[in-house]
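Colleague: Just the structure for this:
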Amino acid sequence: MNGVTENIVNSAQNLGAAAYFGGVAYGSVALGRAVEVIDDEKERGELMKAAWRNYSPIAWAGLGALAATTIYWWTQPDRRLNDTELTIAKIRSGLVIGAIASAATSACLGSAIAGQTSDERTPVKSGHGASEATPESARKALKLYPWVTATNLVCGAGIIVCSALLSDHAKSKTKWLW
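Modeller: You can find the predicted model right below:
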């Protein structure tokens, strides 16, 4: 494996992690709460739906990059890892799988919530909370959101930490071109 290929793969991995984790962190911490300043609960739901619909392709591209780089690293026959590095690589792989599963769950919950009204403007209190006008099925889905969000955040942060630890390994064994 040459230095250029490894740099490209590492860059794709880092960009993928940033796109996934950054979107999840922003959406769950900032956007989900910020919609409460909107008086109309249906507009809140509409804004949440539009924001996630616009960002989802970026998040999924990030997850795709994470999956592709994970597969790439596991298929490199000359990549020799010590026991600690192998453990970190396995944890990172599990976190990538967890991130994909939790992102898919989040997308399904979002669709279920938005689909509760004919105009897809389901009234909500916030990105994670139901209002009195929220239909019962959407209320149930919204109750799961904190757990799914926490899973997304933990997986994303864990991927970044594991990638950084493995990158230190690569730096010690790779001749860098720049």
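
Colleague: where along this protein do the helices fall?
Modeller: 3-25, 32-34, 41-74, 83-114, 136-173 (DSSP state H).

Colleague: Among these, which comes closest to residue 121?
Modeller: With C-beta to C-beta as the criterion, residue 121 lies closest to helix 41-74 of the helices of the chain, at 4.1 Å. Using the backbone N, CA and C atoms, a C-beta is placed for each residue, glycine as well.

Colleague: now the helices of the chain in a markdown table, with mean pLDDT?
Modeller: Formatted as a markdown table, the helices of the chain follow (pLDDT from 0 to 100):
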| stretch | mean pLDDT |
| --- | --- |
| helix 3-25 | 90 |
| helix 32-34 | 86 |
| helix 41-74 | 91 |
| helix 83-114 | 92 |
| helix 136-173 | 86 |
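
Colleague: and the spatially most central residue of the chain, how far is that from residue 57?
Modeller: Central residue of the chain (C-alpha atoms, centre = their mean): residue 20, 3.8 Å from the mean position. In this view, residue 20 and residue 57 are 12 Å apart by C-beta to C-beta, to the nearest Å.

Colleague: what residues are up against the residue nearest to the centre of the chain?
Modeller: Neighbouring residues of residue 20 by C-beta atoms under 8 Å, 6 or more residues apart in numbering: 59, 62, 63, 66, 99, 103, 156, 159.

Colleague: Please name the nearest non-neighbouring residue to it.
Modeller: Spatial nearest neighbour of residue 20, excluding adjacent residues (C-beta to C-beta, 6 or more residues apart in numbering): residue 62 at 3.8 Å.

Colleague: Thanks a lot, catch you later.
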